[in-house]
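[1] sequence and predicted structure below; questions after.
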Amino acid sequence: MLLASHTGHPLEAGLDEAGRGCLAGPVFAAAVILPADFNPQYLNDSKQLSAKRRAVLRPIICQEAVAWAVAEASPVEIATLNIAQASYLAMHRAVAALAVAPTHLAVDGNRFRPYAGIDHTCLIKGDAHYRHIAAASILAKTFRDERMMELAELYPGYGWEQNAGYPTLSHRAAIRAHGPTEHHRMGFRLL
């Protein structure tokens, strides 16, 4: 059973990112503030859910959340800042885009760059323990997967519609055969 929040405050936002370990595409982050009684069936860390379950949960989260926002950092920003700092940038953008200001940030993981004026707590495997972080993980993952599907149409041959930019053998083979695109993360070891 996932917990409603870390602090118990009704305006605590859960934060998570998706796409950190990819070779291509932006890193996405989501911030979500949920009502205390929000607890739909199957809500869990996005990595524990099928694509079908994530697709069912996403509109429920978007409709019933007190506030939610999704943001990204580009491959250029990832190359300029490094992946950790770009992930924090995407998270900060998501927090800034919330329609309701959170009073605390519950961040999945063990590190975060503080957001001015809002205290935070880093929670290892927070997406497997807290509803709002699980919801954020679902939004970040589904919005990023959608973007990679769009990019797959523009750049066929890399398998992004299946691998979402992650370092699969077929993705690396496509990079070897066709070279990297502008959406590849040039600071990463592509081959």
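    Perfect, I can see it now.

[2] tell me which element the residue nearest to P26 when sequence neighbours are not counted falls in.
    By the measure of Cβ to Cβ, 6 or more residues apart in numbering, the closest residue to P26 outside its immediate chain neighbours is E72, 4.1 Å from it. (C-beta placed from N, C-alpha, C; glycine too.) E72 is located in strand 67-73, with elements delineated by DSSP states H and E.

[3] let me see the mean pLDDT of the helix or strand following that strand.
    Sequence-wise, the next helix or strand downstream of strand 67-73 (DSSP H and E) is helix 75-81. Per-residue confidence for helix 75-81 averages out to 96 on the pLDDT scale.

[4] tell me the helices and strands packed up against the very next helix or strand once past helix 75-81.
    In the C-terminal direction, the helix or strand that comes right after helix 75-81 (DSSP H and E) is helix 83-97. Contact partners of helix 83-97 among helices and strands, from 3 or more Cβ pairs under 8 Å, 6 or more residues apart in numbering; DSSP states H and E: strand 12-18, strand 27-33, strand 67-73, helix 75-81.

[5] columns mean neighbour count on top of the ones you listed, output as CSV?
    As requested, those are arranged in CSV below (neighbours: other Cβ atoms under 10 Å):
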stretch, mean neighbour count
strand 12-18, 30
strand 27-33, 31
strand 67-73, 22
helix 75-81, 18
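
[6] helices of the protein, start to end?
    With helices called from DSSP state H, the chain shows them at 51-64, 75-81, 83-97, 131-154, 160-163, 169-178.

[7] deepest of those helices, which one?
    Highest mean neighbour count among the helices of the chain (mean count of other Cβ atoms under 10 Å): helix 131-154, with a mean of 23.
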